[in-house]
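**Q** Structure for the following, please:
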Amino acid sequence: MVEGAQDGRRTRVTAQLRELRFDAGSLSLNLIATVGRRPVTPVERMGDIDRLRAWCDGVGLAVHPGEDLAGLLAALHELRACAYDVTVGYLHRQAPREESVRLLNQLAQVHPPAPQLQADAYGLTAAASSPGLSTPALLSLIARDLITLLSDPIRRQRLRECDSQICRMLYLDAEQGRPRKWCSMQRCGNSTKAARHRRHREKAADLPVP
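**A** As a prediction, this is how the structure comes out:
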């Protein structure tokens, strides 16, 4: 399957490329990661209701049974665009659009349900405070997550953009250890190294024999 890009280039869209990512390091960054290969050849990973349900399950958010899922999906797409604009703007030292900041602040004004604990035979676990989240509450959780991240001078220094030119996923680096260049060594790290090795080998093959 092939998807076109705005600059005329085309990229092969594989099943792995369409997989949802839950390893960006925060709730809001996981939402941003539902579009792959930004900004040149964007690939939609959450384009329908089934993918919306899979994403909510993956990030541990239960949606209220009565919610309009099509409306929620559209609202998440809008929030995602604003979240990406603000976050990538911070990384590139560029001012985000005013409407992006305004929407994030507006969504964050809704108070989501307070977290609850429940005790069972296995210890303490988090418990849902209601049958599920309403659309405003879910959007608020994501907006607050990003605002908290970007307003924390220590955490926001850990924001990274994958070094792979065909990935560019935004992620939160680990607190300790060496800084990561790629969103995932298994995905982009290995493929980037393999491509670099292949280019070196091809250049060596083109050299004249003495």
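**Q** and the next element down the chain from the lengthiest helix in the chain?
**A** In the chain, taking DSSP state H as the definition, the longest helix is helix 69-91. Next helix or strand after helix 69-91 toward the C-terminus (DSSP states H and E): helix 98-108.
**Q** Which parts of this protein are strands?
**A** Secondary structure of the chain (DSSP state E): strands at 2-4, 10-12, 35-36, 43-44, 116-120, 123-127, 159-161, 170-172.
**Q** The fourth one - what's its average pLDDT?
**A** Model confidence over strand 43-44 averages 96 on the pLDDT scale.
**Q** sorry, back to before: confidence-wise, which of the strands of the chain is weakest overall?
**A** For those, mean pLDDT drops lowest on strand 2-4, to a mean of 39.
**Q** which residues touch the residue most central in space within the chain?
**A** Nearest residue to the geometric centre of the chain (CA atoms, centre = their mean): residue 33, 2.3 Å. Residue 33 is in contact with 20, 21, 22, 24, 45, 169, 170, 171, counting by CB atoms under 8 Å, 6 or more residues apart in numbering. (Glycine included, C-beta is placed from N, CA and C.)
**Q** Reformat those as TSV; add neighbour count.
**A** Listed next are the contacts of residue 33 as TSV, based on neighbours: other CB atoms under 10 Å:
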residue	neighbour count
20	16
21	20
22	14
24	19
45	17
169	23
170	23
171	23
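**Q** any chance of the residues you listed in JSON lines, with distance to residue 139 too?
**A** Formatted as JSON lines, the contacts of residue 33 follow (distance: CB to CB, whole Å):
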{"residue": "20", "distance to residue 139": "18"}
{"residue": "21", "distance to residue 139": "20"}
{"residue": "22", "distance to residue 139": "19"}
{"residue": "24", "distance to residue 139": "18"}
{"residue": "45", "distance to residue 139": "19"}
{"residue": "169", "distance to residue 139": "22"}
{"residue": "170", "distance to residue 139": "19"}
{"residue": "171", "distance to residue 139": "22"}
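**Q** tell me which of those is nearest to residue 105?
**A** Taking CB to CB as the measure, residue 105 lies nearest residue 170 of those, at 20.1 Å.
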